[in-house]
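Trainee: Here is my input, please return the structure:
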Amino acid sequence: MHVGRRVSVASSLEIRAHLLCTECEQRFHENGESYTLKNCFRGLGDFPLREVLVRSGQPCIFPEATMYATRGVAGVETGKLVYFAASVFWRSSVGRWKHRDHRINIADLGPFQEDFRLYLLGKRHFPSAAVMLINISSREQPTFNAFTFPYGCRVGTYHQFSFNIPGIDFHLLVGKRIPEAFYNDCCHHSPEQYVGFMDNDECFFRPMLELLRNSKPVGKLGESIRQMGPRDKAGR
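Mentor: Numbering: from 1, shown residues only. Model (predicted):
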């Protein structure tokens, strides 16, 4: 299903674009994609990254979040998680993504796009004007098990973009005026290499519900919803 700011439509068509050469595809695969997809939620009883975190010891409990310090934890390769997420955000920024005949606006890294390109090529460190926040689901079986395209917008003095894979959500903040507190939680910049540990089903559904509120169902999706009939005042 494609959910846009104006309309939502059910479709079996994939969103794709010709973007990378074989060499870059292999680089992305080896440097982050393979590890991340092998360690995300893969089915009931198969969530390797969560299992490693739970076995590693007590989490750090802060007023606003529960975090795990992953530096030195065997089996947790935060560098590969960050690289994978950065590659997805960069691809969403440089590609001309379309669904049917509609251009999809995903994540625009703007003036920082080149910094990410050089980072992914191994020619530069992770950008200093960027923060990567990674949350691992605290549920053994997360409710939402799907891949989403990056989405986001400007938030005050910076831009924030997010996407999800089963059991893990990634949030990229870019800008020269990102509040210092976010750097303390960054999986890359923080000395502890923190990752969040929370019920991230809510983290996904909240922005999706906000998007759906203003998105009109069309085509077969709209027809299916109309056949369900109007809801009562209680939303049933």
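Trainee: Tell me who's in contact with Phe197.
Mentor: Leu53, Pro59, Thr66, Met67, Tyr68, Asn135, Ile136, Ser138 (Cβ atoms under 8 Å, 6 or more residues apart in numbering). In short, each C-beta sits where N, CA and C put it, glycine included.
Trainee: OK, contacts around the fourth one?
Mentor: I take that to be Met67. Pro59, Cys60, Asp185, Glu192, Tyr194, Val195, Gly196, Phe197.
Trainee: Only the buried members of these: can you turn that into a PyMOL selection?
Mentor: PyMOL command restricting the contacts of Met67 to the buried ones, with burial defined by 16 or more other Cβ atoms under 10 Å:
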select buried, resi 59+185+192+194+195+196+197
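Trainee: Distance to Gly79 and pLDDT added to the contacts of Met67, as CSV?
Mentor: Converted to CSV, the contacts of Met67 look like this (distance: Cβ to Cβ, whole Å; pLDDT from 0 to 100):
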residue, distance to Gly79, pLDDT
Pro59, 21, 90
Cys60, 20, 92
Asp185, 17, 94
Glu192, 14, 95
Tyr194, 14, 96
Val195, 12, 96
Gly196, 17, 94
Phe197, 19, 93
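Trainee: re earlier: most neighbours among the contacts of Phe197, which one is it?
Mentor: Tallying neighbours with other Cβ atoms under 10 Å puts Ile136 at the head of the contacts of Phe197, with 28 neighbours.
Trainee: okay, among the contacts of Phe197, which ones form the most distant pair?
Mentor: By the measure Cβ to Cβ, Pro59 and Asn135 form the most distant pair in the contacts of Phe197, at 12.4 Å.
Trainee: Return the closest of the contacts of Met67 with respect to Gly32.
Mentor: Comparing the contacts of Met67 against Gly32 with Cβ to Cβ picks out Val195 as the nearest, at 14.5 Å.
Trainee: quick one: the closest one from Leu121, how far?
Mentor: With distances defined as Cβ to Cβ, to the nearest Å, the gap from Val195 to Leu121 amounts to 25 Å.
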